[in-house]
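Asks: Take a look and give me a structure for this.
(3 chains)
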Amino acid sequence: MAEAHSEDVTRRDFLYVASGGFVAVGAAFAAWPFIHQMNPAANVLAMSTTEVDLGPIETGQSIKVMWQGKPVFVRRRTPDEIKAAQSVTMADLKDPKSENANLKTAADASDANRVIKPEWLIVVGVCTHLGCVPLVNEGEYHGWFCPCHGSVYDTSGRIRKGPAPANLPVPPYKFESDTKILIG
Amino acid sequence: MINENTRNGGLTMRISGLKLAAVLLLAAGPVFAAEKPEPPKKQKWSFEEPLGTFDRAALQRGFQVYKEVCSSCHSLKFVTFGMLAEKGGPGFSEPEAKALAAGYKKEIPDETGQPKEVPRTLADTFPAPYPNEEAARASNGGALPPDLSLMPKARKEGPDYIFSLVSGFEDAPAGVTMRAGMHYNPYFPGHQIAMSPPLSQDRVTYADGTPATVPQMAHDVVTFLSWAAEPKMEERKHIGLNVMIYLVLLSILLYWTKRRVWRDVH
Amino acid sequence: MSGHSTYVPKSGFEKWLDTRLPIIRFADDTLMSFPTPKNLNYWWTFGGILSFMLATMIVTGIVLAMHYVASTELAFASVEHIMRDVNFGWLIRYIHANGASMFFLAVYIHIFRGLYYGSYKAPREILWILGCLIFLLMIATAFLGYTLPWGQMSFWGATVITNLFSAIPLVGKAIQTWLWGGFSVDQPTLNRFFSLHYLLPFVIAGVVVLHIWALHVPGNNNPLGINVKGPQDTVPFHPYYTSKDGFAIAVFLVVYMGFVFFQPEFFGNADNSIPANPMVTPEHIVPEWYLLPFYAILRSIPDKLMGVTAMFGAIALLFVLPWLDTSRVRSARFRPIYQIFFWLFVIAAVTLGWCGSQPPEGNALIISRIAAAWYFLHFLVIVPVVGLFETPRPLPDSISKPVLGGAAPAGAVHAPPKQ
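Replies: Have a look, this model is predicted:
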């Protein structure tokens, strides 16, 4: 058995470390496709928008559409509902963040930061507590009421009472015309 | 179907029956000739090189040929408009692909359940030329124009075969009687094909001004179809090069490691 | 050779774990300290390669199953979805499909290594039988898996093979209907084939565990075919054979990934890019290349039941090889006559493979009958007879002294030394 000179040891160790490292790097690159394949596939990403025709919706009416597999409320608010939403102070809110995907920077949850046109409120209809679909026009603030655990949202979709931690999120959307929006 | 009462499930019977038929027919005078197809003309395809890519201009011209010539009878059901804008493909931008898609309509139910027409989106495919197989056969003398999404993979030497087929129509030689509605093509098994020659000089007017000869159009549409059959080909070869380099280096490192470990034993 | 354990737990945690679940001891005994003959050549790396391939096929298979749909309406489209939409789906699919070919390439080399060096002989008969069982399970798994894309060859290959079962007297038709779940290969068949294709690799993994256990009782064979005499003949599995197997796997990967990235359709059949059509039979129904020799044997015999019997018999014969071989010498290195017949057998096997790819008529049929006859002749006549009459070359004393020492008297030919 050859003696292990200190020079030998470092040379041998270097080769082993280099090989081991090379294998590890290769394994990491090889692992990535297996992880990434579970991310949404190209056809799922392509289906990520929903068009909504606003024409048939009357004032005070709310419809539910499907976007990315989730319900989205499209609500045509009455002037009273708009006024109620606009007159809330930030201090009264459980979640002071706008939760609006259309805003580039962080903003507060004032009603102006929750809509593009005040008449139209568009929020994802998934309770931020545990995911149930809240009931529209119910609850103390005439916004939404979630029957699962009693969360109460106002006419801007903001959480006011109950266990939900956050305001109903506003999805990314834009007005393609006065009577058509594209969500997503 | 396989005949259970024969040996080997009837395969031998079917094959020897075919041979018998061929012998009889050749002897009697070729009416229904069971003719073997001509081997396809060998072409050079940029994408068949080990590190080859698709000729982007050819892809776009080929897409134009599919759109203006083939799509009236042949579906392309595995290719969406969005794929036209992906890397490694014909190179349309997303807005261009979107506009292309919007040029075609599809029907979805409106609020009362009645069909309404909306423009197609990036997620949609070309409209199928026929609503079902029966309609396709009725419009084509009983023959079914196959979907083209995988055609280069679905035939031996696919690209050469398709090139030869679409550009190789000839007049039937003397002594060959064509069945009604059939056209003579030496590259098709049996030499008689229901498809009429799809290409002729200047059948399309190329946007880039390339002269639209039959071989040119054939070459371009084969390039496009080869992309359609495997849109990920360029990505595959690009990653492949890196992987092979890595593996060769790894083999060298692991060989030295093995030699080092075994030094005292040797 | 399975001796006593040499593992000594070092850390406190190791000692604690060792008295509760000696899993580190087990790993050390099996994969690290295990005394392995020091003269193994590169033909012995294919066991490690096969383990790597089994893991690869299971991982890629499980991932594909996240996206595949086993419905006759959607199966073909779901595979295209994998190829076009799923992130890296094309890569995982090509690794899985080409992996099957590489898996069989490796297993054939592994089997032929066993045939050449007498690894099937006592006391490794059970090891060999377990290996044959793994091979049989691999064939079943590959057949089931090939059906799943629901292309023309998927459908018609399944039709041909399930039609064979009706050859069984009395119960054949009932078994066939039972396998189909209907009156032909259709949705019920596809669904159960998917379930079984997912199941069998885990059965294979279990048999592989038994296979390695059965190996570790007597220990590995070696190219000389003579027994290990003591520690001077062995080295610990780690780092000697872990490093050697690692290198071999890297080289194997060069070939494997060469196909995956640059010729992914090389082993494939164009007809399987056409969706299954029960109304139209492809001109030539052929299985994947690794099943061609058995396909050739099946079609070489004109009678349906005899053809089926011959095909399964060809595999069954492998199981009893330890009792067919009468030689008292293991390794063909010292068996000059057997060596010749070994290579003739290789030629017969490769020829059978070629025959399987041709229509069973004319010269191809004649050749396949000769080659099939030779296959059975090899196992049933040549192997028993050669063992009895061959004069083997003198065996070395031991692995550590591979050249005959001066102690052997010149010209002395005794009965072959005790193994």
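Asks: What helix or strand is C:His96 located in?
Replies: Assigned by DSSP states H and E, C:His96 belongs to helix C:89-117.
Asks: Pull out the buried positions in the helix or strand that that helix is followed by.
Replies: Per DSSP H and E, the first helix or strand lying C-terminal to helix C:89-117 is helix C:125-147. Within helix C:125-147, the residues that count as buried by 16 or more other Cβ atoms under 10 Å in any protein chain shown are C:125-139, C:141-147. No exception for glycine: its C-beta is placed from N, CA and C like everyone else's.
Asks: Restricting the selection to alpha carbons, write stretch B:150-168 to CSV.
Replies: What follows is stretch B:150-168, C-alpha atoms only, in CSV (Å, rounded to 0.1, in the frame of the first residue of the first chain):
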residue,chain,number,x,y,z
LEU,B,150,-47.1,14.3,-36.9
MET,B,151,-46.9,13.3,-40.6
PRO,B,152,-43.1,13.5,-40.9
LYS,B,153,-42.8,11.2,-37.9
ALA,B,154,-45.6,8.9,-39.1
ARG,B,155,-43.9,7.8,-42.3
LYS,B,156,-40.5,6.2,-42.8
GLU,B,157,-38.1,8.9,-44.0
GLY,B,158,-41.0,11.2,-43.4
PRO,B,159,-39.6,14.5,-44.7
ASP,B,160,-38.2,13.0,-48.0
TYR,B,161,-41.4,11.0,-48.4
ILE,B,162,-43.7,14.0,-48.0
PHE,B,163,-41.5,16.1,-50.3
SER,B,164,-41.5,13.4,-53.0
LEU,B,165,-45.2,12.8,-52.6
VAL,B,166,-46.5,16.3,-53.0
SER,B,167,-44.1,17.2,-55.8
GLY,B,168,-44.1,13.8,-57.5
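Asks: Could you check the pLDDT of residue 6?
Replies: Using chain A. On pLDDT, A:Ser6 comes in at 56.
Asks: that's the other chain; I wanted chain C
Replies: 92.
Asks: go on, B:Ala128?
Replies: pLDDT at B:Ala128 comes out at 95.
Asks: so it makes contact with B:Lys77?
Replies: Yes. Using Cβ atoms under 8 Å, B:Ala128 is in contact with B:Lys77, at 6.8 Å.
Asks: hey, what's in contact with both of those two?
Replies: Shared contacts of B:Ala128 and B:Lys77, defined by Cβ atoms under 8 Å, 6 or more residues apart in numbering or on different chains, are absent.
Asks: Under the pLDDT cut-off, which ranges of chain A? List them.
Replies: A:1-12 (pLDDT under 70).
Asks: Quick check: the residue of it nearest chain C.
Replies: A:Pro33 (3.5 Å; Cβ to the nearest Cβ).
Asks: At which residues are the strands of chain B located?
Replies: Ranges of strands within chain B are B:105-109, B:115-119, B:183-184, B:192-193, based on DSSP state E.
Asks: for A:Pro165, what are its contacts?
Replies: Contact analysis of A:Pro165 by Cβ under 8 Å, 6+ apart lists A:94-95, A:128-129, A:159.
Asks: 6 Å instead?
Replies: A:Thr128 (Cβ atoms under 6 Å, 6 or more residues apart in numbering or on different chains).
Asks: Could you do C:Ile337 as well?
Replies: Applying Cβ under 6 Å, 6+ apart, the residues near C:Ile337 are C:386, C:390.
Asks: What about the closest residue to chain A within the stretch 1-150 of chain C, how many residues nearby?
Replies: Taking Cβ to the nearest Cβ as the measure, the stretch 1-150 of chain C has C:Phe88 as its residue closest to chain A, at 3.5 Å. Per other Cβ atoms under 10 Å in any protein chain shown, the neighbour tally for C:Phe88 reads 20.
Asks: any idea which helix or strand carries the nearest residue to it once chain neighbours are set aside?
Replies: Among residues not flanking C:Phe88 along the chain, A:Pro33 sits closest, at 3.5 Å (Cβ to Cβ, 6 or more residues apart in numbering or on different chains). A:Pro33 belongs to helix A:6-36 when elements are defined using DSSP H and E.
Asks: What is that helix packed up against?
Replies: With contacts defined as 3 or more Cβ pairs under 6 Å, 6 or more residues apart in numbering or on different chains; DSSP states H and E, helix A:6-36 has these neighbours: helix B:233-261.
Asks: What angle do helix A:6-36 and the helix it packs on make with each other?
Replies: 150 degrees (axes from the mean of the first three to the mean of the last three Cα atoms, to 10 degrees).
Asks: Which strands or helices does helix B:233-261 pack on?
Replies: On a contact count with 3+ Cβ pairs under 6 Å, 6+ apart, helix B:233-261 meets helix A:6-36, helix C:237-262.
Asks: Pipe these into JSON lines and attach mean neighbour count per row.
Replies: Listed next are those as JSON lines, based on neighbours: other Cβ atoms under 10 Å in any protein chain shown:
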{"stretch": "helix A:6-36", "mean neighbour count": "13"}
{"stretch": "helix C:237-262", "mean neighbour count": "20"}
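Asks: Between its first and last residues, how far does stretch A:30-41 reach?
Replies: Separation of the first and last residues of stretch A:30-41 by Cα to Cα, to the nearest Å is 19 Å.
Asks: One more: stretch A:44-52?
Replies: 19 Å.
Asks: rewinding a little: format the helices and strands packed on helix B:233-261 as CSV; extra columns: distance to B:Val166.
Replies: CSV is the format used below for the helices and strands packed on helix B:233-261 (distance: least, Cβ to Cβ, whole Å):
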stretch, distance to B:Val166
helix A:6-36, 37
helix C:237-262, 28
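Asks: For chain B, give me its nearest residue in chain A.
Replies: For chain A, Cβ to the nearest Cβ, closest residue to chain B: A:Ala46, 3.9 Å.
Asks: what's the spatially closest residue to that residue that is not a sequence neighbour in contact with, if anything?
Replies: Nearest residue to A:Ala46, sequence neighbours excluded (Cβ to Cβ, 6+ apart): B:Ala123, at 3.9 Å. Neighbouring residues of B:Ala123 by Cβ under 6 Å, 6+ apart: A:46-47, B:80.
Asks: 10 Å instead?
Replies: Going by Cβ atoms under 10 Å, 6 or more residues apart in numbering or on different chains, B:Ala123 touches A:42-49, B:80-82, B:101.
Asks: Most widely separated two among these?
Replies: Pairwise distances among the contacts of B:Ala123 were taken by Cβ to Cβ; the largest, 17.7 Å, belongs to A:Val44 and B:Ala101.
Asks: Neighbour count for those two, which is higher?
Replies: For the pair A:Val44 and B:Ala101, the greater number of neighbours falls to B:Ala101 (22 against 14), based on other Cβ under 10 Å.
Asks: Do me a favour and get the backbone dihedrals for the closest residue to C:Ser331 other than its chain neighbours.
Replies: Among residues not flanking C:Ser331 along the chain, C:Gly225 sits closest, at 2.9 Å (Cβ to Cβ, 6+ apart). In terms of degrees, to the nearest 10, the main-chain angles of C:Gly225 are phi 70, psi 10.
Asks: now do the same end-to-end measure for stretch C:257-270.
Replies: 21 Å.
Asks: Also stretch C:144-160?
Replies: End-to-end distance for stretch C:144-160: 13 Å, by Cα to Cα.
Asks: Pull up the residues of the stretch 301-419 of chain C that are close to chain B.
Replies: Proximity of the stretch 301-419 of chain C to chain B (Cβ under 10 Å from any Cβ of the partner chain) is limited to residues C:301-308, C:359-362, C:365.
Asks: any weak-confidence spans in chain C?
Replies: Chain C contains residues with pLDDT under 70 at C:1-2, C:402-419.
Asks: Now with 80, please.
Replies: Scanning chain C for pLDDT under 80 picks out C:1-3, C:401-419.
Asks: any idea which residue sits dead centre in it?
Replies: Centroid-nearest residue in chain C: C:Val107, 3.3 Å away (criterion: Cα atoms, centre = their mean).
Asks: ok, that one touching C:Ser51?
Replies: No. Here C:Val107 does not reach C:Ser51: they are 11.5 Å apart, not a contact under Cβ atoms under 10 Å.
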